[in-house]
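Asks: got a predicted structure plus its sequence, pasted below:
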Amino acid sequence: MDGIKKCINGHFFREDLEKCPFCTEGNDKNNQTENKIKKKFDVAFIVNLVRVFFSKFLKKLKFSKNEGDPLFSFLKNKTFYFHFVLASFTTILLFFAWLKYIDYETGHGKEFPLKNYQSVDVHDLESLSEQDNIIFVIIDSVYTDSVDKGTVFTQDPLPNTFVKEGRKIYLTINSQNTQKFFVPEVFNKSEREAVVNLTENFRVNLIKNKNYSEESSVVTSLKVGGVEIFAGQELLKGTMITVIFGNGRNMNIIPVPDLTGADLDLSQLLLHELSLKVGEIFYEGVITDSLMIVVVKQYPTSERKLQSGDEVDLYFKQVPDTSNTLLDE
């Protein structure tokens, strides 16, 4: 027959199949049967093994009771009970002794509120450490006027925190040496520029003569305690500097232009042509597009007159974009 094959077991099947489906199915069934038998055998073997173990154990126990085997004979011995009670008592005693030792080592129940050591001189810390049974550790130093120099500024833990003896207290000390800063270059500068630069780290005392003028007067000298100082010298932070003004610049008067409505680039160009500079820049309202901002206010105003090198502060505000409206029309 065309397209039909016969296997060795006499089964007929299609020629396009590699194996006889009847033989394959039979082999699968045989394998499943063998696996089930094997599993049953394994379970039966384990059950039988457990049964034999318990059977031997029960026989041994019965033999011990009937024949007086020494396995449980100690239960009739009074010495056993004496040793058992003694061992139990010793165990309990050692347990409570261990608890007491732990309390002693950790200082349990011996906590006390921590004192406030702020403003305490660093030279007194050693005696206080022995007196209060704590350890001071200096971790940092700062420059501040809130406490005296060379005294404690902050502590960790904070005051009134409950601590144990031997606790480490971390301190921040106010430095004995005040921080120093360089004197900035303010010679021949206007009052506003000089004050801004100097007051960052120093105090200032302004001395103006009877001919003082906001337009023409500039810094001619700096003094500390009557002694003249110069840019680049180091002074302690907060030093009082006397600023003396005079007519040191030329008398060329430059009228301030009206920059209202100009953008930043145009404002810089106009001021540069007049030998003036852009000072501080301020923004009013919400700025979403820096290309749409214009000057709405300035200081000094266009009514004032300045000298070469003076600055003009500008106030910018964003204007609405009308380009789309014009295109729609």
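Replies: The structure has been received and is ready for your questions.

Asks: going forward, measure contacts between C-alpha atoms and count neighbours the same way
Replies: Will do.

Asks: what's stretch 123-143 in contact with?
Replies: Stretch 123-143 has contacts (C-alpha atoms under 8 Å, 6 or more residues apart in numbering) with 165-175, 178-179.

Asks: can you rerun that using 6 Å?
Replies: 165-175 (C-alpha atoms under 6 Å, 6 or more residues apart in numbering).

Asks: from the residues you listed, which land in strands?
Replies: Per DSSP state E, strands hold the following members of these: 168-174.

Asks: those residues: which two are farthest apart?
Replies: Lys168 and Asn174 (19.3 Å; C-alpha to C-alpha).

Asks: which one's more surrounded, those two?
Replies: Higher neighbour count among Lys168 and Asn174: Asn174, with 25 against 16, using other C-alpha atoms under 10 Å.

Asks: could you pull out the helices for this structure?
Replies: 21-67, 78-106, 125-132, 191-198, 264-273, 323-328 (DSSP state H).

Asks: could you chop the protein up by domain?
Replies: Here the domain parsing of the chain from automatic domain parsing is 112-174, 180-246, 254-328.

Asks: in CSV, list those domains along with mean pLDDT and distance to Leu86.
Replies: Below are the domains of the chain laid out as CSV (pLDDT from 0 to 100; distance: least, C-alpha to C-alpha, whole Å):
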stretch, mean pLDDT, distance to Leu86
domain 112-174, 89, 38
domain 180-246, 86, 77
domain 254-328, 83, 87
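
Asks: so the nearest residue in space to Val195 that is not next to it in sequence bridges to which residues?
Replies: Among residues not flanking Val195 along the chain, Val204 sits closest, at 7.3 Å (C-alpha to C-alpha, 6 or more residues apart in numbering). Bridge pairing for Val204 (DSSP bridges) gives the partners Ile241.

Asks: contacts only, for Val204.
Replies: By C-alpha under 6 Å, 6+ apart, Val204 lies in contact with 240-242.

Asks: please spell out the ChimeraX selection for the buried subset of those residues.
Replies: This is how ChimeraX selects the buried members of the contacts of Val204, with burial counted by 16 or more other C-alpha atoms under 10 Å:
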select :240,241,242
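
Asks: run the chain-centre distance for stretch 152-165.
Replies: Using C-alpha atoms, centre = their mean, to the nearest Å, the distance from the centre of stretch 152-165 to the centre of the chain it belongs to is 23 Å.

Asks: give me the contact list for it.
Replies: 111-116, 118-120, 133-134, 169-174.

Asks: list the buried ones in that stretch?
Replies: Buried residues in stretch 152-165, counted by 16+ other C-alpha under 10 Å: 152-155, 157, 163-164.

Asks: picking that back up, hmm, which of the contacts of stretch 123-143 are the buried ones?
Replies: 168-175.

Asks: distance to Ser275 for the residues you listed - can I get that in CSV?
Replies: Shown next, in CSV, are the buried ones among the contacts of stretch 123-143 (distance: C-alpha to C-alpha, whole Å):
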residue, distance to Ser275
Lys168, 63
Ile169, 60
Tyr170, 57
Leu171, 55
Thr172, 51
Ile173, 50
Asn174, 47
Ser175, 46
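
Asks: what's the most distant pair in those residues?
Replies: Longest distance between any two of the buried ones among the contacts of stretch 123-143 is 21.1 Å, between Lys168 and Ser175; criterion C-alpha to C-alpha.

Asks: that older thread, which one of the ones in strands among the contacts of stretch 123-143 is nearest Asp145?
Replies: Using C-alpha to C-alpha, these come closest to Asp145 at Asn174, 8.5 Å.

Asks: doesn't Val147 make contact with that closest one?
Replies: No - between Asn174 and Val147 there is no contact under C-alpha atoms under 6 Å: 7.1 Å.

Asks: beta partners for Glu284?
Replies: Beta-bridge partners for Glu284, by DSSP bridges, are Lys317.

Asks: hmm, it is touching Lys317, no?
Replies: Yes - counting by C-alpha under 6 Å, Lys317 is a contact partner of Glu284 at 5.1 Å.

Asks: what about those two, which has more around it?
Replies: The residue with more neighbours, out of Glu284 and Lys317, is Lys317; 20 against 12, by other C-alpha under 10 Å.

Asks: span of stretch 214-234 from start to end?
Replies: This stretch, stretch 214-234, spans 29 Å end to end (C-alpha to C-alpha, to the nearest Å).

Asks: show me what it is in contact with.
Replies: So stretch 214-234 is contacted by 180-185, 187-190, 241-248, 306 (C-alpha under 6 Å, 6+ apart).

Asks: what ranges do the strands span in the stretch 101-250 of the chain?
Replies: With DSSP state E, counting those that start in this stretch as the criterion, the stretch 101-250 of the chain has strands at 112-113, 135-142, 152-156, 162-163, 168-174, 180-182, 203-207, 218-224, 227-229, 234-236, 240-246.

Asks: how far out from the middle of the chain is the last one?
Replies: Shown here is strand 240-246, whose average C-alpha point lies 44 Å from the average C-alpha point of the whole chain (C-alpha atoms, centre = their mean).

Asks: could I have it exported to CSV, CA atoms only?
Replies: Backbone C-alpha positions of strand 240-246 (Å, rounded to 0.1, in the frame of the first residue of the first chain) are rendered in CSV as follows:
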residue,chain,number,x,y,z
MET,A,240,36.4,99.5,62.1
ILE,A,241,37.8,101.2,59.0
THR,A,242,37.6,105.0,58.6
VAL,A,243,36.8,105.9,55.0
ILE,A,244,37.9,109.4,53.9
PHE,A,245,36.4,111.0,50.8
GLY,A,246,37.7,113.8,48.6
